[in-house]
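**Q** Structure for this input, please:
(one chain, ligands or ions: 2)
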Amino acid sequence: MDSKQTQPKCITLRSQIAQLKEPIIIGVAGDSGSGKSTYSNGIRRLLGTDLVSTIEMDGYHKEDREQRRISGRLPLDPEANHLDLLRSHLALLKQAKSIEVPIYNHGTGKFDSPVHLAPSPIVVVEGLHALYPEILPLLDFSIYVDPDHDVKWQWKYERDVKKRGHLAEALTEEMLKREAAYKRWIDFQKTNANVVIKIFPSHLKEFSRHEFTGNLPANCYKVELIVEPGQVSLPSLPLPFDFAAMLEANQPPFMLAAVPCTYWGRKVMIIHIDGVLSQDTIATLEKQIVAYTGIPLEEGLSTQNIPDLQAHEQVSATQFAQLLITWRFLELVNHRLSELMAR
Ligand SMILES: Nc1ncnc2c1ncn2[C@@H]1O[C@H](COP(=O)(O)OP(=O)(O)OP(=O)(O)O)[C@@H](O)[C@H]1O
Ligand SMILES: O=C(CO)[C@H](O)[C@H](O)COP(=O)(O)O
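**A** Ligands and ions are numbered 1, 2, ... in the order given. The predicted structure is shown next:
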């Protein structure tokens with residue numbers, strides 16, 4: 001019998017990914033409070049949480065909060081982290097072996113008991129040093145999240161005081177101390193990333209050149225996605241967009257541009273997204289991606305599993321960027337699957 005006849009009728013990308021023997025590892029690096037979890041949640045959501053597991057690198061710190069207070073060391077110092085242990089853990093996962101992941105509890109400032117992690121088809125490693133030279137060779141896809149100084153300050157400050165129990169004065173002092181450490185130990189990792197996500201306050205007012213009368217929500221961001229082009233073309237992904245609505249008064253302002261550039265010696269596309277895209281546009285794009293990956297609809301389209309984003313009413317640039325990053329990642333997955341088929 002023809003082997004094709006024995007295959008199930010609907011082979012989705014997800015069902016193919018689920019068969020992967022060796023996990024695909026995504027590294028997401030960036031400063032503390034830069035939005036790493038927010039962006040990796042986008043990929044998790046569109047592929048389905050059952051296929052993706054996450055390793056928080058904070059568990060690999062050598063010292064807890066009190067020990068750091070005494071030693072004066074910052075977690076940004078690579079020497080203050082067990083990067084070798086992480087590297088050996090990722091190598092074990094690549095061999096389809098389980099690991100015991102160390103856990104840092106930001107609520108208590110102490111380490112919890114390690115958690116058993118069996119290999120899943122996709123593993124996300126998130127942390128300050130996720131694209132360090134020891135780790136990079138084990139990654140299949142790399143993302144660097146790089147918000148503007150003031151945006152990052154606001155996000156981290158609010159989160160650390162409200163959710164991590166830091167005292168305002170001590171936190172300000174530590175955040176100032178972290179600035180030079182960030183430049184020294186963290187920032188350079190962006191030069192190796194497949195995708196760099198830059199985030200700024202909206203620039204749309206400067207575009208008006210006349211008195212700006214638009215309605216921009218508070219905390220409206222401009223995202224610049226610096227994306228290394230992929231090797232295999234994906235199916236086209238049409239952008240649903242109401243052209244007529246653009247000519248109506250009181251439409252929320254937005255901008256979308258794609259500009260070829262060189263970034264740290266590499267050819268990239270820079271996608272600029274600013275303002276508020278319609279929720280219909282985002283939802284239709286999501287539906288297309290979800291139809292492609294094969295995730296059950298109700299899981300793929302829900303934003304309720306992104307608790308941090310719920311608090312922000314306008315996250316269009318972020319959502320749009322999440323979709324584009326996922327699409328670029330799927331290109332890599334496709335490439336990997338076709339390599340495996342050819343073996
Ligand atoms: N795109 C966004 N729009 C609005 N707020 C955001 C966005 N991304 C992140 N934030 C805010 O910044 C905070 C930190 O985000 P997130 O937890 O994703 O950062 P992180 O880099 O994973 O942090 P850490 O490594 O310190 O755990 C969130 O609590 C959220 O309030
Ligand atoms: O740089 C960081 C990464 O998130 C944190 O500051 C580090 O993990 C320590 O956490 P905390 O400040 O809650 O003790």
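
**Q** Is it correct that Pro102 is in contact with His116?
**A** No: look at Pro102 against His116 with C-beta atoms under 8 Å: they stay out of range, at 11.7 Å. No exception for glycine: its C-beta is placed from N, CA and C like everyone else's.

**Q** Among these two, which residue is more densely surrounded?
**A** Pro102 (21 against 8; other C-beta atoms under 10 Å).

**Q** Can you get me a residue count around the residue lying closest to Leu330 once chain neighbours are set aside?
**A** Nearest in space to Leu330, with sequence neighbours left out and distances taken as C-beta to C-beta, 6 or more residues apart in numbering, is Leu234 at 6.4 Å. Residue neighbour count, defined by other C-beta under 10 Å, stands at 14 for Leu234.

**Q** for Leu234, helix, strand, or coil?
**A** Under DSSP: H, G, I helix; E, B strand; the rest coil, the three-state class of Leu234 is coil.

**Q** That one and ligand 1: what is the separation?
**A** Noted for Leu234: a distance of 24 Å to ligand 1, by C-beta to the nearest ligand atom, to the nearest Å.

**Q** so who does that residue touch?
**A** Under the criterion of C-beta atoms under 8 Å, 6 or more residues apart in numbering, the contact list for Leu234 reads 327, 330-331, 334.

**Q** can I get the residues you listed in TSV with neighbour count and pLDDT?
**A** Putting these into TSV (neighbours: other C-beta atoms under 10 Å; pLDDT from 0 to 100) gives the following:
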residue	neighbour count	pLDDT
Trp327	19	89
Leu330	22	89
Glu331	17	87
Asn334	19	85
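
**Q** Out of those residues, which comes closest to Thr191?
**A** Proximity to Thr191 was ranked across those by C-beta to C-beta; first place goes to Glu331, at 21.4 Å.

**Q** There's contact between the closest one and Gly230 in this structure, I believe.
**A** Yes: with contact defined as C-beta under 8 Å, Glu331 counts as touching Gly230 (3.8 Å).

**Q** ok, how many other residues are close to Thr54?
**A** By other C-beta under 10 Å, the burial measure for Thr54, its neighbour count, is 19.

**Q** swap in the one 5 residues further on?
**A** One way to gauge burial is a neighbour count; for Gly59, by other C-beta under 10 Å, it gives 20.

**Q** Once you drop chain neighbours, what's closest to it?
**A** With C-beta to C-beta, 6+ apart as the criterion, Gly59 has its nearest non-adjacent residue at 3.8 Å, and that residue is Pro102.

**Q** Could you do Phe241 as well?
**A** Nearest non-adjacent residue to Phe241, counting by C-beta to C-beta, 6+ apart: Thr281, 5.8 Å away.

**Q** Doesn't the one you found belong to a helix?
**A** Yes: when the secondary structure is assigned by three-state DSSP, Thr281 falls within a helix.

**Q** quick one, what contacts the closest residue to ligand 2 within the chain?
**A** With distances taken as C-beta to the nearest ligand atom, the chain approaches ligand 2 most closely at Ser32, which sits 3.4 Å away. Contacts here follow C-beta under 8 Å, 6+ apart; on that basis Ser32 touches 75-76, 128, 156, 178.

**Q** where's it relative to Asp50, distance?
**A** Between Ser32 and Asp50 the computed distance is 29 Å (C-beta to C-beta, to the nearest Å).

**Q** One more: Phe241?
**A** Computed as C-beta to C-beta, the Phe241 to Asp50 distance reads 32 Å.

**Q** that older thread, pretty sure the residue nearest to Gly59 is in a strand, no?
**A** Yes: secondary structure of Pro102, determined by three-state DSSP: located in a strand.

**Q** mean confidence for stretch 173-183?
**A** When pLDDT is averaged over stretch 173-183, the result is 95.

**Q** same deal with stretch 206-224?
**A** With pLDDT averaged residue by residue, stretch 206-224 scores 87.
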